[in-house]
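Asks: Fold the following and give me the result.
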Amino acid sequence: MTEEQQDDNVINEPSAPAPISVGDKRRNHDDDGGSFSSDHSDSVASSLMSSLSGNNNDSLQPPIHFINSSPTKVGASVEFEDDKANMIAKLMKSHGQVVTLSLVERSSLIKSIIRLSQHVPGCVIRSLLDDISRDRKEKKERVDRRRRRGNAHHHKKTWKSRRRSSDSCETCDEEKVYDGDQLSSHESRMSPGQRSIAQLVGKSTKSLPLSRRRQSALLFVDISGFTKLSTMLDVESFSNCINTYFQEVINQVASYGGDILKFAGDAIFCEWRVSSRESFQTLEQCVLQAATCAADIVSLCSDYTPAPSRRMSKRRSSTLSSSFRSLITHASVTSDSSRREIALNVKCGLGVGHMAGVHVGDNMSRREFLMLGDPIDQVAAAEAAARHGEVFASPEAIAYLTKMGSVRGDWKSNVNDGLPTRLAVRGERFFYPKEEYTPCRGIGLPCEGEKLLRHFDDFDSSELNWLKRMISLYVHPVVVSEEHESSSHVKHETDYDRNVAAAELRNVYTCFISPKIDYNLTGDEEKDQKLFHRLNDIMTITTRHLDRAQGHLRQFILDDKGVVLIFTFGLRGSTFPNMIAQRAIPLTFTIVQSLQDELGIKVSAGATFEKAYCGVVGGVNRHEFAVLGPAVNLAARLMSPKHNSDVILVDCVC
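Replies: Take a look at the predicted model:
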């Protein structure tokens, strides 16, 4: 299903919860991506009133004009603010403990949302925020229409008809609070926040898939060296090492305004999208930003020697294993050739063009955000042509880049032959933008915690709960489960330290499944919609069987290997006796058979059962839960067509 809107992909999911508003003051979008402006006390006061809704104490009710109106004059505005302050002071005096608890719970909820949002692309977060904003606007318009109709009928009806209408008015209003859905007697006793969550859970999956077309520059950053390090370091040192390196890469992407869409093992997909709400108004600007970012990445992150993160606390840094310290010492005293053996390296592929962002899954179990389009194939070909420390760009990207400046070398013949062109190698660049097209730095990620907080100040508790619920659907189940048990986290520990400490080596069954479908966009809306629904069916069939067997979906992704599903057994929450023989392998056959029987799709699959690194990978503000190691790489190779032809290959050490 496609939403034809001017800007960013917008999700028409289950209706966002009805705001418990105090006054009619509402947010307004500004030009930087939908930030909101409103008085923080509105949402806090509404949350307090919601938490105290069970207490039938007339003395706690705010003035009628405070609830149902907003100030229209300067003098009235002062009186309005005084009313709010007096009401909150009265609440604190009468129910200080309850109010304090409510504020603490609100703060905890906001922190939880921010932590979960760091596992999700910025474009997904923005679409959910847009949902809430749009829902508020629609509800306000409905209220205004009802008010206008009520005023018109008031002058036309006799006192008898007014009495009859008033007898049914309360029922009518109650039944139409949520878009005309009739409330049961049980629901009518719920608070608005409880009703919103209850209705969200009861929604069907008919609203998915959701798609939004866009023009983007796509950057594929491929990192090498992690597999060897995983055999040399203990798990905590390895976690610190890879996340320190990822932080360097993510810092560059963030500073140039990119959005990290996916972590694909030890690689990442980054996007610069054309949008009137963002800093990049043209596709040429997007390509220039991505190319400059890639050049900086290979300059700073090539031949990278592992070192402890500066973000690691002194307590954790002092406990680094002897293996990590000896590795660092070895790197500092050995020859260049020996140092390169333990160094981390990177190479990049750049592409550009029309893409579609597609949300697949359901509203109860799991969702994934997929990117489809020709740039996926472009970056795969460009990355394959590059060596360590190099950036290659597709012919399409070169065509846009030359509009912004000059490119050194024989790029014209490469474009004519359809071959990628080298743009940079380590510290040397081969493209030169015009003076008026200087790339922008210091833009920052669109959904950093600090920026999200500006949105949350205006959210009531029902909206915050809805937002947390929706974000959780895009996040790995292990992370969601840990977030629900956040009380067990070590106090005063940073998020970085917590991620490092939570990493572990586990015996994990990792399965890669590749459905053999044509995933290319045609430009024909009807055909593309069939593709989106096919992808959604693949996702829902897989998660349906995984939920029954209590396995975990690691990822649904479209990358250089094609359409790939990755699921695991053996992580926290999915470890069982006789797990391989009774659950993992039978489930693999069941999913493969279901895709063939229900959708007529043939698949290839590869699986392994060995020790793997399990934990969060990435930077502080953007990361994902991943499973890494030689066994995972082997499972991917067993799935690939050159090793596999319509069969399931399993390598298990039980």
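
Asks: From here on, just use CA atoms for contacts and neighbour counts.
Replies: Will do.

Asks: Point out where the stretch 201-350 of the chain drops to low pLDDT.
Replies: Low-confidence segments of the stretch 201-350 of the chain, defined by pLDDT under 70: 201-206, 277-280, 307-341.

Asks: Strands of that one, start to end?
Replies: 210-224, 259-264, 267-273, 345-361 (DSSP state E, counting those that start in this stretch).

Asks: Most tightly packed of the ones you listed?
Replies: strand 345-361 (a mean of 26; mean count of other C-alpha atoms under 10 Å).

Asks: next helix or strand past that strand?
Replies: strand 367-373 (DSSP states H and E).

Asks: which residues are contacting that following strand?
Replies: If you take C-alpha atoms under 8 Å, 6 or more residues apart in numbering as the criterion, strand 367-373 is touched by 124, 353-361, 473-474, 519-521, 555-558.

Asks: next SSE after it?
Replies: Assigned by DSSP H and E, the successor of strand 367-373 is helix 374-385.

Asks: helices or strands up against that next one?
Replies: strand 210-224, strand 345-361, strand 390-393, strand 552-559 (3 or more C-alpha pairs under 8 Å, 6 or more residues apart in numbering; DSSP states H and E).

Asks: For those strands, give me a markdown table that also has distance to Val620.
Replies: A markdown table is the format used below for the helices and strands packed on helix 374-385 (distance: least, C-alpha to C-alpha, whole Å):
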| stretch | distance to Val620 |
| --- | --- |
| strand 210-224 | 18 |
| strand 345-361 | 20 |
| strand 390-393 | 25 |
| strand 552-559 | 20 |
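
Asks: and Asp518, that one's in a strand?
Replies: No. If the criterion is DSSP: H, G, I helix; E, B strand; the rest coil, then Asp518 is coil and not within a strand.

Asks: For it, give its distance to Leu535.
Replies: 11 Å (C-alpha to C-alpha, to the nearest Å).

Asks: pretty sure His388 is touching Tyr304, no?
Replies: No. Counting by C-alpha atoms under 8 Å, His388 does not reach Tyr304; the two are 11.3 Å apart.

Asks: Quickly list what's touching both of those two.
Replies: Joint contacts of His388 and Tyr304 (C-alpha under 8 Å, 6+ apart) are Asn345.

Asks: hmm, back to that, neighbour-wise, which of Asp518 and Leu535 wins?
Replies: Per other C-alpha atoms under 10 Å, whichever of Asp518 and Leu535 has more neighbours is Leu535, with 22 against 9.

Asks: so how many other residues sit close to Leu101?
Replies: 13.

Asks: just checking, it is part of a helix?
Replies: Yes. Counting by three-state DSSP, one finds Leu101 located in a helix.

Asks: gap between it and Leu370?
Replies: For Leu101, the distance to Leu370 - C-alpha to C-alpha - is 40 Å.

Asks: and what of Val253?
Replies: From Val253 over to Leu370 (counting by C-alpha to C-alpha), the distance is 20 Å.

Asks: Ok, Phe556 next?
Replies: For Phe556, the distance to Leu370 - C-alpha to C-alpha - is 8 Å.

Asks: With Val120 instead?
Replies: Counting by C-alpha to C-alpha - Val120 and Leu370 are separated by 12 Å.

Asks: Give me the more crowded residue out of these two.
Replies: When Val120 and Leu370 are compared for neighbours, Val120 comes out ahead with 24 against 20, by other C-alpha under 10 Å.

Asks: Secondary structure of that one: a helix, I assume?
Replies: No. Per three-state DSSP, Val120 lies outside any helix segment and is coil.

Asks: ok, now which ones touch it?
Replies: 261, 471, 474-475, 622, 624.

Asks: Which of the residues you listed are buried? Put it as a PyMOL command.
Replies: To isolate in PyMOL the members of the contacts of Val120 that are buried, counting by 16 or more other C-alpha atoms under 10 Å, one can use:
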select buried, resi 261+471+474+475+622+624
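
Asks: Among the contacts of Val120, name the ones in strands.
Replies: 261, 624 (DSSP state E).

Asks: so which of the contacts of Val120 comes closest to Ile268?
Replies: Leu261 (7.5 Å; C-alpha to C-alpha).

Asks: Low-confidence regions, the stretch 401-550 of the chain specifically.
Replies: 436, 441-453, 486-498, 500-501.

Asks: Please enumerate the helices of it.
Replies: For the stretch 401-550 of the chain, helices defined by DSSP state H, counting those that start in this stretch occupy the ranges 411-417, 449-456, 461-472, 477-484, 495-502, 525-549.

Asks: could you dump the ones you listed to CSV with distance to Ala290?
Replies: As requested, the helices of the stretch 401-550 of the chain are exported to CSV (distance: least, C-alpha to C-alpha, whole Å):
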stretch, distance to Ala290
helix 411-417, 18
helix 449-456, 23
helix 461-472, 27
helix 477-484, 30
helix 495-502, 27
helix 525-549, 27
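
Asks: between those helices, which one is nearest to Glu236?
Replies: Using C-alpha to C-alpha, the helices of the stretch 401-550 of the chain put helix 495-502 closest to Glu236, at 6.0 Å.

Asks: So which of the helices of the stretch 401-550 of the chain has the densest surroundings on average?
Replies: helix 461-472 (a mean of 22).

Asks: What helices and strands are in contact with that helix?
Replies: For helix 461-472, where contacts count as 3+ C-alpha pairs under 8 Å, 6+ apart, the packed elements are helix 96-117, helix 122-156, helix 192-202.

Asks: Report how many residues lie close to Gly570.
Replies: Gly570 has 20 nearby residues by other C-alpha under 10 Å.

Asks: Might one say that it is in contact with Tyr509?
Replies: Yes. In this structure, Gly570 is within contact of Tyr509 by C-alpha under 8 Å, at 6.3 Å.

Asks: can you list residues touching both of the two?
Replies: With C-alpha under 8 Å, 6+ apart as the test, Gly570 and Tyr509 reach no residue in common.

Asks: For Leu505, see how far away the nearest residue to Thr227 once chain neighbours are set aside is.
Replies: With C-alpha to C-alpha, 6 or more residues apart in numbering as the criterion, Thr227 has its nearest non-adjacent residue at 5.7 Å, and that residue is Gly629. Distance of Gly629 to Leu505, given as C-alpha to C-alpha: 10 Å.

Asks: Likewise for Asp528?
Replies: Taking C-alpha to C-alpha, one finds Asp528 at 41 Å from Leu505.

Asks: Check Ala217 too.
Replies: Applying C-alpha to C-alpha, the value for Ala217 to Leu505 is 36 Å.

Asks: try Gly225
Replies: Look at Gly225 and Leu505: by C-alpha to C-alpha, they are 18 Å apart.

Asks: sorry, back to before: would you mind telling me which of Gly629 and Leu505 has more residues around it?
Replies: Higher neighbour count among Gly629 and Leu505: Gly629, with 21 against 18, using other C-alpha under 10 Å.

Asks: Quick check: bridge partners of Val221?
Replies: Ile268, Cys348 (DSSP bridges).

Asks: so it sits right up against Glu271, yeah?
Replies: No. With contact defined as C-alpha under 8 Å, Val221 does not count as touching Glu271 (11.2 Å).

Asks: Can you check what pLDDT the model gives Arg126?
Replies: Looking at Arg126, its pLDDT stands at 88.

Asks: cool, and the one 4 residues further on?
Replies: Model confidence at Asp130, given as pLDDT, is 87.

Asks: Ser107 now?
Replies: On pLDDT, Ser107 comes in at 86.

Asks: and if you look at Lys602?
Replies: 92.

Asks: Over to the one 3 residues further on?
Replies: Turning to Ala605, the model gives it a pLDDT of 92.

Asks: Spell out the secondary structure type for it.
Replies: Assignment for Ala605 (three-state DSSP): strand.

Asks: does it really touch Phe512, like I thought?
Replies: Yes. Here Ala605 reaches Phe512: they are 5.5 Å apart, a contact under C-alpha under 8 Å.

Asks: so what's in contact with these two at the same time?
Replies: Met639.
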